[in-house]
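In: Just the structure for this:
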Amino acid sequence: MGFAASIKAAVEKEKQRLVGITKKSMVFGAQGVILKSPVGNPEQWAINAHATYGRQTHNLFVDAINADLQPGEKKLQRMGQKKLKKTYKLAAGEGYVGGRFRANWQFGIGGANESTTESADASGEATKAKLEASIDAASIGGVWYVTNSLPYAKRLEYGWSKQAPGGMVRLTRQEMPDAIRRYAKGAL
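Out: Numbering: from 1, shown residues only. All right, here's what the predicted structure looks like:
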């Protein structure tokens, strides 16, 4: 191999390494925001505080009252989980499944992908796989975006959820420089 050919091969090898670092870094960022995204848990919502309190304490009060009854007085009946849920209903309603916010992280090239889905992905695994495949298939060049276009995304980013008080994007953004350095050094 001649000098020019060896230079060309070294340049090509370095380009491929940089493509790998770029794609790994983007996948790291996508996974970060997905896994830091809160998954709706109606029992933790402020609107459901009364119902949650009722579910947690109803039988404790029944036990306390029954303990104070005189012999022969009729005892109150405890409730099973099914009856507690029916009596102390949560605002989310029947059939609510958390994870819609996680499922709505989208990949875009050259602009934000503003599409949304009704799907839910509480674990985040399907969304991570989808974004990783999109990033892997993407050509280097231009600006890449990972966005969530649900109307409450900004509120979640700025502390609306007790599960993610520091947001998702801001925390992942802080982690990115170290991750990129590790990828560049070949540590990951």
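In: any chance you could map the strands in the chain?
Out: 105-109, 144-148 (DSSP state E).
In: So Val27 sits against Ile135, correct?
Out: Yes: between Val27 and Ile135 there is a contact at 5.5 Å, judged by CB atoms under 8 Å. For every residue, glycine as well, the C-beta is placed using N, CA and C.
In: To Ala9, which of the strands of the chain lies closest?
Out: Proximity to Ala9 (CB to CB) singles out strand 144-148 among these, at 27.7 Å.
In: what lines up beside the closest one in the sheet?
Out: strand 105-109 (antiparallel) (DSSP bridges).
In: So for the partner strand, mean pLDDT?
Out: Strand 105-109 carries an average pLDDT of 97.
In: Stretch 35-50 now?
Out: 87.
In: next one: stretch 132-140
Out: The average of the pLDDT scores along stretch 132-140 is 94.
In: send the alpha carbons of it over as CSV?
Out: The C-alpha trace of stretch 132-140 is given here as CSV (Å, rounded to 0.1, in the frame of the first residue of the first chain):
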residue,chain,number,x,y,z
GLU,A,132,-31.7,3.3,18.4
ALA,A,133,-32.7,1.8,15.1
SER,A,134,-33.5,5.2,13.7
ILE,A,135,-30.2,6.6,14.8
ASP,A,136,-28.3,3.6,13.5
ALA,A,137,-29.9,4.0,10.1
ALA,A,138,-29.3,7.8,10.0
SER,A,139,-26.6,9.4,7.9
ILE,A,140,-24.2,11.7,9.6
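In: what's near enough to touch the residue nearest in space to the middle of the chain?
Out: The C-alpha lying nearest the average C-alpha coordinate of the chain belongs to Ser37 (CA atoms, centre = their mean; 2.6 Å). Listed by CB atoms under 8 Å, 6 or more residues apart in numbering, the contact partners of Ser37 are 101-102, 105, 124, 148, 156, 164, 168.
In: All set, thanks.
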